[in-house]
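**Student:** What follows is a predicted protein model with its sequence.
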Amino acid sequence: MDNCIFCKIVNKEIPADFVLESEELVAFDDIHPKTPIHILVVTKAHVASIKELENPELAGEMVMAAKGIAHEKNLDGYKLLFNVGREGGQEIDHLHLHLMGGK
Ligand code: AMP
Ligand code: ZN
């Protein structure tokens, strides 16, 4: 989708620090980390938010990808967060899961 910053990151038109790339997903460091480890797991497909998501497998893959990254980073505990819609704190209308943790 034009003018979507996460589509541009997925397409490598804008740089990001990737920690994972799979067929369906990428993951990269949040540019303004709110915790010592703050990674975004992002769908390659442009889906605006959880509200527009129709494929439950994709949500499952996102959670499992975040869990794998947390394991690689030796995080014992962490938060997984979907902001949904403006009232839910979502600023970028391209589906992403926040993985937040670390001391
Ligand atoms: P949300 O409020 O759930 O839409 O979260 C969007 C997140 O994207 C915020 O935590 C931002 O810091 C992060 N963000 C915005 N632009 C970039 C970027 N170019 N690279 C990495 N993270 C970004
Ligand atoms: Zn997009």
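**Tutor:** That came through fine. Ligands and ions are numbered 1, 2, ... in the order given.

**Student:** avg pLDDT for the longest helix that the chain contains?
**Tutor:** Criterion DSSP state H: the longest helix present in the chain is helix 56-72. Mean pLDDT, helix 56-72: 98.

**Student:** tell me which residues in it are buried?
**Tutor:** Within helix 56-72, the residues scored as buried using 16 or more other C-beta atoms under 10 Å are L58, E61, M62, A65, A66, I69, A70. Backbone N, C-alpha and C define where each C-beta goes, glycine included.

**Student:** Can you add distance to ligand 1 and give these back as TSV?
**Tutor:** Conversion of those to TSV gives the following (distance: C-beta to the nearest ligand atom, whole Å):
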residue	distance to ligand 1
L58	17
E61	18
M62	13
A65	16
A66	14
I69	15
A70	17
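
**Student:** Now do the longest helix of the chain: which elements does it pack against?
**Tutor:** When contacts are defined as 3 or more C-beta pairs under 8 Å, 6 or more residues apart in numbering; DSSP states H and E, helix 56-72 packs onto strand 18-21, strand 25-29, strand 37-43, strand 78-81, strand 96-101.
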